[in-house]
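Visitor: dropping the sequence and predicted coords here.
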Amino acid sequence: MSRPEFDRYSASYEELLKDPMRDRFGGETSAFFPQRKRDLIRAYFRDRRISTQSMSYLDLGCGKGELASLLRDDFGRVAGCDPSTGMLDAAQGIETRVQQDLRSIPFGDAEFDFVTAVCVYHHVVPAARQALTREVGRVLKPGGVFAIIEHNPYNPATRLIVSRTPVDADAVLLKQHETKELLRAGGFFPVASRYFLYFPEFLYRRTGDAVEAWFGELPLGGQYAVFATKNR
């Protein structure tokens, strides 16, 4: 998707994401989805007993900054970049920069300890994905962590929702093993992965993450996350 397209969608982004199946899964608001990603990120660092308070964090393709805002108090520095100025206008409380080129990140070398790309890569043409991954490696410090979170193409409900969502008209979904291969080729070492979004919000709130985590290796969740470290 090009910059003009992102800007064209920015004013009505939430409306364009609406889907009866997605809305039933995520409850009355869309907050459930970024909250689940926030909790996965917190769990990754907590399980490794890593304090993030002094770390710098970049959300690549941050959109309106929902995830970055949720993690604002977890990190020493929180920044985001996105191709759409219209989307960034809605981001509050975080440092933002416009990403003029989808394959070039507007920050300096080794600025960040942690980078996320949430549902970004399926908008990037396959031929350009490796260049973007190398760019992430450039802005990450040695040993830094890169998390890619993507739609799971093995989940039939996910495929159906993506197929009828206007902002995903250009989507080319990645399987988890393809994401890991992309990371390895880009100079990263995948260290953790799991599928999630197995249960709708009302059920997840009753069962908690422990039950979903038990299913985490089964490729049935609506999305998946891969965490990788930059090779030193």
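Guide: Nice, I can see it.
Visitor: run through the protein and note the low-pLDDT ranges.
Guide: Where the chain drops to pLDDT under 70, the residues are 1-30.
Visitor: quick check: most distant residue from the centroid of the protein.
Guide: Arg206 (24.9 Å; C-alpha atoms, centre = their mean).
Visitor: can you tell me how far that one is from Ala213?
Guide: 15 Å (C-beta to C-beta, to the nearest Å). No exception for glycine: its C-beta is placed from N, CA and C like everyone else's.
Visitor: run the chain-centre distance for the biggest helix by length in the chain.
Guide: In the chain, taking DSSP state H as the definition, the longest helix is helix 32-47. Taking the mean of its C-alpha atoms, helix 32-47 sits 11 Å from the chain's own mean (C-alpha atoms, centre = their mean, to the nearest Å).
Visitor: so how far is the strand ranked longest in the chain off the chain centroid?
Guide: For the chain, the longest strand by residue count, based on DSSP state E, is strand 140-151. Its chain's C-alpha centre and that of strand 140-151 lie 10 Å apart, by C-alpha atoms, centre = their mean.
Visitor: could you list the buried residues of that strand?
Guide: Leu140, Lys141, Gly144, Val145, Phe146, Ala147, Ile148, Ile149, Glu150, His151 (16 or more other C-beta atoms under 10 Å).
Visitor: and these, which two are the farthest apart?
Guide: Lys141 and His151 (28.6 Å; C-beta to C-beta).
Visitor: sorry, back to before: okay if I get the buried residues of strand 140-151 as CSV plus distance to Ser193?
Guide: Output for those, formatted as CSV (distance: C-beta to C-beta, whole Å):
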residue, distance to Ser193
Leu140, 18
Lys141, 22
Gly144, 17
Val145, 13
Phe146, 12
Ala147, 10
Ile148, 9
Ile149, 10
Glu150, 11
His151, 15
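Visitor: OK, contacts around Thr207?
Guide: Thr207 sits next to Phe199 when contact means C-beta atoms under 8 Å, 6 or more residues apart in numbering.
Visitor: any idea how far it lies from Ile50?
Guide: Thr207 is 27 Å from Ile50, by C-beta to C-beta.
Visitor: equivalent analysis for Glu95, please.
Guide: Where Ile50 is concerned, Glu95 sits at a distance of 22 Å (C-beta to C-beta).
Visitor: go on, Asp59?
Guide: In terms of C-beta to C-beta, Asp59 sits 18 Å off from Ile50.
Visitor: the more surrounded of the two?
Guide: With neighbours defined as other C-beta atoms under 10 Å, Asp59 and Ile50 compare such that Asp59 has more, 28 against 12.
Visitor: next, the contact list for that one, please.
Guide: Counting by C-beta under 8 Å, 6+ apart, Asp59 makes contact with Gly65, Leu67, Ala68, Val78, Ala79, Gly80, Cys81, Val115, Thr116, Val118.
Visitor: repeat that for Arg159.
Guide: With C-beta under 8 Å, 6+ apart, Arg159 has these contacts: Pro153, Leu173.
Visitor: so what's the backbone phi/psi at it?
Guide: Torsion angles at Arg159 (phi, psi; degrees, to the nearest 10) stand at phi -60, psi -40.
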